[in-house]
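Visitor: here are the coordinates; sequence isn't available:
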């Protein structure tokens, strides 16, 4: 049965995430990050930053609120009972610092079938309060059985 691609190109309303110092610290501790610029405001300032710096994969934290409406959209039509995580790729821009306000927009980039599996590819674009790109993410989910 052919896959329904009507949602390809669809973008969703942006999600705004206010980056808090404690969230950055909690994330850094959770992933075993020991670099003091992620944990200690004084160390971050001594290194030339205005506050603690979010580790790169903190991108998942501020992007997730934009991804949820995209993957749950009935027009996308993803079957979660058969879904597996296919992968993520990120291209980072400006560093994310506590106090930043990150706006992320998600778009359905592709829906395609291959060997009885349906691949759902989404893109997120995240910018800070200055309009600078902080991260572009590609998120792939695979639904087994088409």
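Guide: Cool, the structure landed. No experiment lies behind these values; they were computed from the predicted model shown.

Visitor: neighbours around the closest residue to residue 101 other than its chain neighbours, how many?
Guide: Leaving aside its sequence neighbours, residue 101 sits nearest to residue 129 (Cβ to Cβ, 6 or more residues apart in numbering; 4.5 Å). The C-beta positions use only the backbone N, C-alpha and C, and glycine is treated the same way. The number of residues packed around residue 129, counting by other Cβ atoms under 10 Å, is 13.

Visitor: Wasn't residue 129 part of a strand?
Guide: No. If the criterion is DSSP: H, G, I helix; E, B strand; the rest coil, then residue 129 is coil and not within a strand.

Visitor: in the protein, which ranges drop under the pLDDT threshold?
Guide: 1-2, 146 (pLDDT under 70).

Visitor: what about the longest strand in it?
Guide: strand 101-114 (DSSP state E).

Visitor: thought residue 71 was touching residue 120?
Guide: Yes. The pair residue 71 / residue 120 is scored as a contact, 7.5 Å apart, by Cβ atoms under 8 Å.

Visitor: What segments of the protein are helices?
Guide: According to DSSP state H, the chain carries its helices in the segments 21-30, 41-46, 59-72.

Visitor: To residue 124, which of the ones you listed lies closest?
Guide: Residue 124 lies closest to helix 59-72 among the helices of the chain, at 4.7 Å (Cβ to Cβ).

Visitor: Show me what that closest one is packed against.
Guide: Under the contact criterion of 3 or more Cβ pairs under 8 Å, 6 or more residues apart in numbering; DSSP states H and E, helix 59-72 touches strand 15-18, strand 83-92, strand 101-114, strand 117-127, strand 133-144.

Visitor: That's all I had, so thanks and see you.
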